[in-house]
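J.: okay, here's the prediction I keep looking at, along with the sequence it came from:
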Amino acid sequence: MLITISVIVGLSAAAAAVTGFGFNLVSVPLLTLAYPPRFVVVLTLLLGICASGLLLLRREIRREVEWRVVRPLFLSSLAGMPLGVALLMWGPARLLKAVIAAVTAAFAIVMLTRFRPRLSGGMLDTIAVGFLSGILSTSTSLNGPPVALYLMARGLAKNRFRGNMVVYVFLATVTSVVLLAAGGSITAQTLLLAAKVTPVLIVGFVAGVAAVHGLSERHFEVTVLGFLVVVGLLGIASALR
């Protein structure tokens, strides 16, 4: 089990370093093909703190953050997180697996087609997006997709989009871990496993940063997103069997 998790974590960290989008978006659907969803959600949230933290070390990401955008999204997400905890603790494992796979595939398809949703940009939209992200954060660890689509609808420049996304995901992930720990969902065994594979995550991230200069970023993104579409569809099929 450790070898499989380590390989997935390393590859996910490298992909996140190159593309700037979710470590969890890559790692969670892959891990749920082999392991129970509740175990995967808790493990990837723990690792996600490290992954987002490493991205925040990059100055070009920090300087693009707009707190007037991130703050209301994060505060709205707090209302949805308790519901997500309840779904994780008492929701059917097959349903959780199907939701994870569906969110992964749908988001990857949207990104591949470069579809831009139309939103009014008002406070009601912000609250709805944050609330949905909060539910997904503690139930599936996939807090990024709703916020990513919201930021895309605002027409943000690429670097500003990444800066806001990384900070939001970091805050939402840390808060989700705190809530799950308070609810008794995080065990010493999971913490130990997360600690064991964290060095692999760091190595994967560093390798991704080193490789990014020799890669066509858009081509790499298309490859990763295409892969996620396949993984998501396989996950849906597996959950429905």
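T.: That came through, no problem.

J.: okay, now the unreliable bits of the protein?
T.: Counting by pLDDT under 70, the chain contains low-confidence residues at 21, 119-121, 212-218, 220, 241.

J.: quick one: the helices in it?
T.: All helices of the chain, identified by DSSP state H, fall at 2-19, 23-32, 37-56, 59-62, 67-90, 93-113, 123-140, 144-153, 158-182, 188-212, 217-240.

J.: could you redo those as a markdown table and give each row mean neighbour count?
T.: (Each C-beta comes from the backbone N, C-alpha and C, glycine too.) As requested, the helices of the chain are arranged in a markdown table below (neighbours: other CB atoms under 10 Å):
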| stretch | mean neighbour count |
| --- | --- |
| helix 2-19 | 21 |
| helix 23-32 | 27 |
| helix 37-56 | 23 |
| helix 59-62 | 12 |
| helix 67-90 | 18 |
| helix 93-113 | 19 |
| helix 123-140 | 22 |
| helix 144-153 | 22 |
| helix 158-182 | 21 |
| helix 188-212 | 16 |
| helix 217-240 | 16 |
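
J.: how many residues are close by the closest residue to Thr4 other than its chain neighbours?
T.: Spatial nearest neighbour of Thr4, chain neighbours left out: Ala34 (6.3 Å); criterion: CB to CB, 6 or more residues apart in numbering. Other residues lying near Ala34 total 11 when counted by other CB atoms under 10 Å.

J.: what about the nearest residue to Pro82 once chain neighbours are set aside, distance to Ala101?
T.: The shortest distance from Pro82 to any non-neighbouring residue, by CB to CB, 6+ apart, is to Leu179 (7.0 Å). Computed as CB to CB, to the nearest Å, the Leu179 to Ala101 distance reads 24 Å.

J.: please apply the same query to Ala188.
T.: Distance of Ala188 to Ala101, given as CB to CB: 29 Å.

J.: and for Val200?
T.: 24 Å.

J.: what's the answer for Leu78, then?
T.: Spatial separation of Leu78 from Ala101 under the definition CB to CB is 26 Å.

J.: with Leu45 instead?
T.: With distances taken as CB to CB, Leu45 is found 18 Å from Ala101.

J.: what sits against the residue lying closest to Val231 once chain neighbours are set aside?
T.: Residue nearest to Val231 in three dimensions, not counting chain neighbours: Pro29, with 4.8 Å by CB to CB, 6+ apart. Each residue near Pro29 by CB atoms under 8 Å, 6 or more residues apart in numbering is listed here: Ile100, Ala101, Thr104, Leu228, Val231, Gly232, Gly235.

J.: then Val70?
T.: Here Val70 is in contact with Asn164, Val167, Tyr168, Leu171 (CB under 8 Å, 6+ apart).

J.: can you put those residues in TSV and add distance to Thr19?
T.: TSV is the format used below for those (distance: CB to CB, whole Å):
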residue	distance to Thr19
Asn164	15
Val167	17
Tyr168	16
Leu171	20
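
J.: from those, pick the one nearest Val209.
T.: Distance to Val209, by CB to CB, is smallest for Val167 among those, at 18.5 Å.

J.: that closest one against Val65, yeah?
T.: Yes - look at Val167 against Val65 with CB atoms under 8 Å: they come within range, at 5.0 Å.

J.: one step back: now the residue nearest to Thr4: phi and psi?
T.: Dihedral pair for Ala34: phi -120, psi -20, per degrees, to the nearest 10.
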